[in-house]
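Enquirer: Okay, sequence plus prediction incoming.
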There are 2 protein chains.
Amino acid sequence: MFQAAAKTLSVFSVYRGVLFSLRHYCKNIPIKLRVSEALSGAELGANVKVQGWVRSVRPQKKNLFLHVNDGSSLQSLQVVGRAELDDPLLTFGSAVEVSGVLKKSTHQKQPFELEADQIRVVGTCNPIDFPFKIKERHSLEYIRQFPHLRCRTNVFGSLLRVRSEATAAIHSYFKNNGFVQIHTPIITSNDCEGAGEIFSVQSSGPQDVDDGNFFSVPTFLTVSGQLHLEVVSGAFSRVYTFGQSFRADNSQTRRHLAEFFMVEAEISFTQSLEDLIKVIEDMFRSATEHVLAHSAEDVDLFHQRVTPGHRATVDAMLKKSIPVITYTEAIDILKRSSENFDFPTDWGCDLKTEHEKYVVKHCGNLPVFVTDYPYDLKPFYARDNQEHSERTVAAVDLLVPGVGELCGGSLREERLDLLRARLEDAGLADTYSWYLDLRRFGSVPHGGFGLGFDRYLQCILGVDNIKDVIPFPRFVQSCLL
Amino acid sequence: MFQAAAKTLSVFSVYRGVLFSLRHYCKNIPIKLRVSEALSGAELGANVKVQGWVRSVRPQKKNLFLHVNDGSSLQSLQVVGRAELDDPLLTFGSAVEVSGVLKKSTHQKQPFELEADQIRVVGTCNPIDFPFKIKERHSLEYIRQFPHLRCRTNVFGSLLRVRSEATAAIHSYFKNNGFVQIHTPIITSNDCEGAGEIFSVQSSGPQDVDDGNFFSVPTFLTVSGQLHLEVVSGAFSRVYTFGQSFRADNSQTRRHLAEFFMVEAEISFTQSLEDLIKVIEDMFRSATEHVLAHSAEDVDLFHQRVTPGHRATVDAMLKKSIPVITYTEAIDILKRSSENFDFPTDWGCDLKTEHEKYVVKHCGNLPVFVTDYPYDLKPFYARDNQEHSERTVAAVDLLVPGVGELCGGSLREERLDLLRARLEDAGLADTYSWYLDLRRFGSVPHGGFGLGFDRYLQCILGVDNIKDVIPFPRFVQSCLL
């Protein structure tokens, strides 16, 4: 009996869409539009309904003017109503539902506007308690104090839309270039780069297993998906991953987070670092051009209000291809400079932030690839440049203005004997026996890189502090919400 | 001086692409093709180079036949060479580079083949040590023992391509429907649903802060991005997130993982559960149709070899719209059945796996939405159905054959007084004061859902064990690699 009822129900469901549309026209039920749709003049002349949050209220003698936003675009929809429609609850931040007719506007800035028949306050917002004030331009530092409300500001709304669009652009780039997306894990039993600054994971709560040793081995939050990507790159010539990485970095800087987003790719059958450099540069260019084209209004808000003049820097970045210098050349540049650096600039020393900044500035304040770092500075998997006179590895970093290291990559040591020797030296041959297996069976020359996605947004938008480009920043002594 | 050098370098770079292509044609350097490109007849008649791993070797008197795969498709490229090109190192699993001319094949199954001039073994593979054997069809259980090598089998290769395509399909669905993607955090100070079965996070290593209390508050791995999405849905009417969630679930079932992937969406200005149901159903249909169309060959491998006949089930799922029944109706169905259930079926009891299975079977072994669960069964944020005679909330679960609960959602309690009372009862009003703020300022009716992405793949591919649809499964007592 019930089955019959379910069938009737599903036959009904097929028609419910049709019935719904018919009902609209017969009863003149307004058509629901998003603000971005209304702004593009969809359903011009029709009876429409728009829902969103009030961004401005301007009562005049005869008319009431509202601006309503629903997150679908930076621009709000102008609503014009008779003065009687005004309501003391119509305040900045309140939620409204407006019905009326979508008309051409006489204003140039605003091609369409909604002539309201009805304005209903759905959710009130006390302007005294609400931390953001109408017409005030709050600083990024100020709004950062309200992580649960800051998406209600224009600037953070734009950030979230750009972030979403940039994510889509990166996925598109890889998909269009034959990369397969791999979901690498967050919880890992590898201590990957042996960096030390890692988070450990335990089960907590009543269902503990073996004193919190849920996985029966110590587990950590991943610092990189690279080794997992390398597993897959033993059968797929182009793979990538896009997700979180973690570093228990006990330093409050404007470019470090404890939880950050990384784009990582691994390419098999590479011939040289140039193969990697080409992919990094293509991806950077393709994603940036996509974002500039598809999020123009939102990007402009940053380039005009947050960091005036940054657009010129971004345009310059895209104008020519990125120069490549070796680590040894970078050291020469630093040595020849008259700057007083805090850290040494001898061959073999790590490039610190101050050094990276200087090199970028020296190269016209534009991005620059630095290659072939000393063997001892890079992790075990970096490929030994045996043919070089100095002992270096085929590693590459991309340095960019304002941010420093945006991207790091290397060819991976695919030669079993060299890799085994290096792991044995480090006492890691047993731990990484599975990694050695990858070289034992059908090993191929390969390489990959990781790009810090949050830093990438800083770089293209000109945002000084990394905490302002991520919805919920996590850093030392702060994990709000 | 260096700047001049850099300029020369970058001018050169502009031309290097052009020079590269020219060189190819002048010197007849073979054009690098991926296997999928070669299979589609790209560069027919040209001198090409294909790189990949050997999937079969068949030496004959006059000719040598190889199948080479590079992960770009399930199908391998047939390579034909003179018998002299044979090499004892050409074994199953070895990596090769083949140059030659791409020709039309005389075989129907294989429209194009590569006539090899040169075959170079790049990486050897000892067939005795390699756990997978040529021409043998290993079971999913067998290959699961080799997490670092299983992507080299046909079946797991197909899984990874389907997983990538399904991920892209879900992103497309949301993008095409005006949803903004939000990167919700993994580390959280919320104990979200108070489920208890959670993982805690501590910093480890030398840089400890305050005895491992890196964030100065206790932190956990997220069990859901919902509350963070709700933050953003106070300014964006359509948002979603796609990433990992965690549950320290001490049970080894074929549908639970400690780290799993969730698609979560939140929609503002909902009127009823029907709004949510429509989005869930649309997304399910759109993603599935996309995957069936774009990964046909890979999906067929599962539907033909792994679970013969499953395609009919999938087609039936897509044929009609999904019926909706209430929890109360589900309880009636269970009560009327003659089955002996292990758990009680009284109104107010949770639906266990055995109950879900029965309800799905009762509905023709097809997906079914179950709505309006008892108030006491659902978390604090579920919206009270005050108008109903029994005390229920506006929650919905999607149950599907073989998997059970695929998706769960609810309208969220947007009424400040009701939400505050419920949080006060639970002693959580202070902890969630920020969440109450969302209702204090411009609150709107809204709702959302979460879909288990790994279970979704089980559902469309007919894979029995969830460990076989994720690259690196994490579950109790197992965190390999």
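Expert: Alright, I've got the coordinates.

Enquirer: My guess is residue A:283 contacts residue A:173. True?
Expert: Yes - judged on C-beta atoms under 8 Å, residue A:283 makes contact with residue A:173 at a distance of 5.1 Å. No exception for glycine: its C-beta is placed from N, CA and C like everyone else's.

Enquirer: Show me the strands in the stretch 101-250 of chain A, by range?
Expert: A:112-123, A:180-181, A:187-188, A:198-204, A:219-221, A:238-246 (DSSP state E, counting those that start in this stretch).

Enquirer: ditto for the stretch 301-450 of chain A
Expert: A:324-326, A:368-374, A:392-400, A:404-412, A:446-452.

Enquirer: Switch the ones you listed over to a markdown table, and while doing so, append mean neighbour count to every line.
Expert: Converted to a markdown table, the strands of the stretch 301-450 of chain A look like this (neighbours: other C-beta atoms under 10 Å in any protein chain shown):
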| stretch | mean neighbour count |
| --- | --- |
| strand A:324-326 | 20 |
| strand A:368-374 | 23 |
| strand A:392-400 | 24 |
| strand A:404-412 | 24 |
| strand A:446-452 | 25 |
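
Enquirer: Among those, single out whichever gets nearest to chain B.
Expert: When the strands of the stretch 301-450 of chain A are compared by C-beta to the nearest C-beta, strand A:324-326 sits nearest chain B, at 6.8 Å.

Enquirer: Please see if the closest one touches chain B.
Expert: Yes - with C-beta under 8 Å from any C-beta of the partner chain as the criterion, chain B is reached by strand A:324-326 at A:324, A:325.

Enquirer: Each with direction, which strands does that strand pair with?
Expert: strand A:368-374 (parallel) (DSSP bridges).

Enquirer: Now do the strand it pairs with against strand A:404-412, angle only.
Expert: Angle, strand A:368-374 to strand A:404-412, by axes from the mean of the first three to the mean of the last three C-alpha atoms, to 10 degrees: 50 degrees.

Enquirer: average pLDDT across strand A:368-374?
Expert: Averaging pLDDT along strand A:368-374 gives 98.

Enquirer: who's in contact with that strand?
Expert: With C-beta atoms under 8 Å, 6 or more residues apart in numbering or on different chains as the test, strand A:368-374 has contacts from A:273, A:277, A:280, A:322-328, A:330, A:347-348, A:351, A:359-360, A:382, A:385, A:388, A:390-399, B:6.

Enquirer: Give me the distance between the residue in the stretch 251-400 of chain A positioned nearest to chain B and residue A:280.
Expert: Of all residues in the stretch 251-400 of chain A, residue A:321 sits closest to chain B, at 3.8 Å by C-beta to the nearest C-beta. According to C-beta to C-beta, to the nearest Å, residue A:321 and residue A:280 sit 11 Å apart.

Enquirer: List the contacts of the closest residue to residue A:190 other than its chain neighbours.
Expert: What sits nearest to residue A:190 in space, not counting adjacent residues and going by C-beta to C-beta, 6 or more residues apart in numbering or on different chains, is residue A:227, at 5.9 Å. Neighbouring residues of residue A:227 by C-beta under 8 Å, 6+ apart: A:190, A:192, A:381, A:435, B:481.

Enquirer: wait, isn't the third one in contact with residue A:412?
Expert: Yes - here residue A:381 lies in contact with residue A:412, judged by C-beta under 8 Å, at a distance of 5.0 Å.

Enquirer: Kindly provide the distance from the residue in the stretch 1-150 of chain A that chain B sits nearest to to residue A:157.
Expert: Across the stretch 1-150 of chain A, no residue is closer to chain B than residue A:71, which sits at 3.0 Å (C-beta to the nearest C-beta). According to C-beta to C-beta, residue A:71 stands 6 Å off from residue A:157.

Enquirer: Show me the common contact partners of the two, please.
Expert: Common neighbours of residue A:71 and residue A:157 (C-beta under 8 Å, 6+ apart) are A:151, B:235, B:236.

Enquirer: got CSV for these, with pLDDT, distance to residue B:463 and neighbour count too?
Expert: Output for the shared contacts of residue A:71 and residue A:157, formatted as CSV (pLDDT from 0 to 100; distance: C-beta to C-beta, whole Å; neighbours: other C-beta atoms under 10 Å in any protein chain shown):
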residue, pLDDT, distance to residue B:463, neighbour count
A:151, 97, 38, 23
B:235, 98, 39, 26
B:236, 98, 35, 28
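
Enquirer: now the residues you listed in CSV, with distance to residue B:461?
Expert: Formatted as CSV, the shared contacts of residue A:71 and residue A:157 follow (distance: C-beta to C-beta, whole Å):
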residue, distance to residue B:461
A:151, 37
B:235, 38
B:236, 33
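
Enquirer: Report the beta-bridge partner residues of residue A:266.
Expert: Beta-bridge partners recorded for residue A:266 (DSSP bridges): residue A:239, residue A:448.

Enquirer: wait, does stretch A:92-107 contact chain B?
Expert: Yes - counting by C-beta under 8 Å from any C-beta, chain B is contacted by stretch A:92-107 at A:93, A:94, A:95, A:97.

Enquirer: Please tell me which one of the residues you listed counts the most neighbours.
Expert: Within the residues of stretch A:92-107 next to chain B, neighbour counts (other C-beta atoms under 10 Å in any protein chain shown) peak at residue A:95, which reaches 26 neighbours.
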